[in-house]
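Please find the sequence and the predicted model below.
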Amino acid sequence: MSKSYLLGMYEKAVPAELTWIERLEVARDSGFDYVEISVDESDARLERLEWTPAERRQLVRAMDNTGERVRSLCLSAHRKYPLGASDPKVAERSLEIMKKVCDLACDLGVRTIQLAGYDVYYEEGTDATRARFEENLARAVEIASRVGVLLGFETMETPFMDTVEKAMAYVSKIDSPYLGVYPDLGNLTNASLLYGKSVADDIATGRGHILAAHCKETVAGKYREIPFGTGTTDYDGGLDELVSQGVRRFVAEFWYVGSEKWREDVAFASSYVRGKIDAAFDRAGL
């Protein structure tokens, strides 16, 4: 595998019923360098925040036994429990989740947590939700900074934070080495169609603050479950800019959707995305 960069597999690319040993083995055997674990709004994945020390050690042993690591964490539980929630109890829950997910990351050896770029999701955003988001974001970054975990905003599918430029507005306000941007190339491509600014030019606004990137297939107006090779994602423009900035960590984001040939799909995704990244390194002469 290339030593120039690392390519991770999004956990949801494989059936949820797999054991961690099986999940890690599939990622390793398909050519991925690591796995990105998910803590979403489902009860099953939120329960991971309550894992006992023994349960956490069990996953670490699975990493040791397979040689494959969990090295980043996608935190989308903030959709249900957002930092900007109007209900104070929900907002407080968002910070409790933040503390627990940072503790889990430390126990697993995860260095980077991807944050969902929403002030709120299931309610309408207002000046008040945006102000609360900024206030609680500062508290979340304090939590992460104490344990040395990096937080990176995902660029989303909603207008609140669908570009790197919008994410950087909050990164600049908080002004902490522990908060950066972890953009999604597919989402950025769709945003470029809306705003007329190229993916590369948008990514350039985050220079020096981009931690990693999701490589995901999208088409106009659609953000999920588009097979690799069938969408319009601007890999060349996005990856050329990311590589030039020194970004060296990438995750292929895709989903298991019930296909019987999911193992072949995982292997294809690894080969396809790695080919795109390799090409960017070749163009850069690296």
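All right, it came through fine. Residues are numbered from 1 along each chain as shown.

Go ahead and confirm Ile174 touches Asn136.
No. At 11.2 Å, Ile174 does not count as touching Asn136 under the criterion of CB atoms under 8 Å. Just so you know, the C-beta spots here come from the backbone N, C-alpha and C atoms, and that holds for glycine as well.

So if I had to pick from the two, which one is more boxed in?
Asn136 (21 against 15; other CB atoms under 10 Å).

Now for Glu25, how many residues are close by?
17.

Ok, Ala128 next?
Ala128 has 12 neighbours, counted by other CB under 10 Å.

mind listing the strands for the stretch 51-200 of the chain?
In the stretch 51-200 of the chain, the strands defined using DSSP state E, counting those that start in this stretch lie at 69-75, 112-116, 150-154, 179-181.

Dump those strands into TSV; add mean pLDDT, mean neighbour count and distance to Leu211 as well.
Formatted as TSV, the strands of the stretch 51-200 of the chain follow (pLDDT from 0 to 100; neighbours: other CB atoms under 10 Å; distance: least, CB to CB, whole Å):
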stretch	mean pLDDT	mean neighbour count	distance to Leu211
strand 69-75	98	23	9
strand 112-116	98	24	6
strand 150-154	98	25	4
strand 179-181	98	25	5
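
Look up the pLDDT of Lys3 for me, please.
Here the pLDDT value assigned to Lys3 is 74.

quick one: contacts for it?
Contacts for Lys3 (CB atoms under 8 Å, 6 or more residues apart in numbering) come out as none.

I'd like to check which residues are in contact with Pro159.
Pro159 sits in contact with no residue, where contact means CB under 8 Å, 6+ apart.

How about Met156?
So Met156 contacts Ala116, Gly117, Tyr118, Asp162, Asp184, Asn187 (CB under 8 Å, 6+ apart).

Then Val60?
Val60 is in contact with Asp107, Leu108, Gly109, counting by CB under 8 Å, 6+ apart.

Produce a PyMOL select command limited to the buried residues of the residues you listed.
Buried residues among the contacts of Val60 (16 or more other CB atoms under 10 Å), as a PyMOL selection:
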select buried, resi 108
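
So which of the contacts of Val60 is the closest to Ala279?
Ala279 has its nearest neighbour among the contacts of Val60 in Gly109, at 30.4 Å by CB to CB.

was I right about the closest one contacting Val70?
Yes. Using CB under 8 Å, Gly109 is in contact with Val70, at 7.2 Å.

Overlap in contacts, those two.
Residues touching both Gly109 and Val70 by CB under 8 Å, 6+ apart: Met63.

In the protein, where is pLDDT below threshold?
The chain contains residues with pLDDT under 70 at 1-2.

Helices along that one, start to end?
Secondary structure of the chain (DSSP state H): helices at 20-29, 43-46, 53-66, 88-108, 127-147, 164-174, 185-195, 199-204, 235-245, 262-283.

Identify each buried residue in stretch 53-68, please.
Residues Arg56, Leu59, Ala62, Met63, Thr66, Glu68 are the ones in stretch 53-68 that count as buried (16+ other CB under 10 Å).

For the residue nearest to Gly117 when sequence neighbours are not counted, which residues are in contact?
The shortest distance from Gly117 to any non-neighbouring residue, by CB to CB, 6 or more residues apart in numbering, is to Met161 (3.1 Å). By CB under 8 Å, 6+ apart, the contact list for Met161 reads Gly117, Tyr118, Phe153, Thr155, Ala167, Tyr170.

which of those residues tops the neighbour count?
When neighbours are taken as other CB under 10 Å, the top entry among those is Ala167 (29 neighbours).

What distance do you get for it to Ser86?
Distance, Ala167 to Ser86, using CB to CB, to the nearest Å: 23 Å.

got it, and Val257?
Plainly put, Val257 is 34 Å away from Ser86 if you go by CB to CB.

what does Ala105 give?
Taking CB to CB, one finds Ala105 at 28 Å from Ser86.
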